[in-house]
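# Sequence unavailable; structure follows:
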């Protein structure tokens, strides 16, 4: 695939790119953020059950 510099794009192509690029970037960032939140939630869930099962607070009594 050839990279086309912006100067070689037609006016219609530039307008479409200027209209859609921010939307694509926002969806991409939202997807990455959602993925991070999902991984964080599962990690916290796993840690909760690991500590719940191990009863670490009973080790220090």
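It's in. Note that the structure is a prediction, hence the values are computed from the model and not measured. Residues are numbered from 1 along each chain as shown.

# Give me the mean pLDDT for the host helix or strand of residue 53.
Using DSSP states H and E, the element containing residue 53 is helix 11-54. Rounded to a whole number, the mean pLDDT of helix 11-54 is 93.

# quick check, distance from that helix to the centre of its chain.
Centre-to-centre, helix 11-54 and its host chain are 2 Å apart (C-alpha atoms, centre = their mean, to the nearest Å).

# which helices and strands sit right next to that helix?
The helices and strands touching helix 11-54, judged by 3 or more C-beta pairs under 8 Å, 6 or more residues apart in numbering; DSSP states H and E, number zero. Placement of C-beta: from N, CA and C, glycine included.

# OK, contacts around residue 20?
Residues near residue 20 by C-beta atoms under 8 Å, 6 or more residues apart in numbering: none.

# How much space separates it from residue 14?
For residue 20, the distance to residue 14 (C-beta to C-beta, to the nearest Å) stands at 11 Å.

# Also residue 28?
Here residue 28 is placed at a distance of 21 Å from residue 14 (C-beta to C-beta).

# Next: residue 41.
The spacing between residue 41 and residue 14, counted by C-beta to C-beta, is 41 Å.

# now swap in residue 51 and tell me
Residue 51 is 55 Å from residue 14, by C-beta to C-beta.

# One more: residue 38?
For residue 38, the distance to residue 14 (C-beta to C-beta) stands at 36 Å.

# Centroid-nearest residue for this structure?
Centroid-nearest residue in the chain, with C-alpha atoms, centre = their mean: residue 32, separated by 0.6 Å.

# Next one: that one from residue 9, what distance?
Distance, residue 32 to residue 9, using C-beta to C-beta: 27 Å.

# same check, this time on residue 43
From residue 43 to residue 9 the distance is 44 Å (C-beta to C-beta).

# Looking at those two, which is more packed in?
residue 9 (13 against 10; other C-beta atoms under 10 Å).

# What count of nearby residues applies to the spatially closest residue to that one that is not a sequence neighbour?
Nearest residue to residue 9 in three dimensions, chain neighbours excluded: residue 17, at 7.0 Å (C-beta to C-beta, 6 or more residues apart in numbering). The number of residues packed near residue 17 is 13, by other C-beta under 10 Å.
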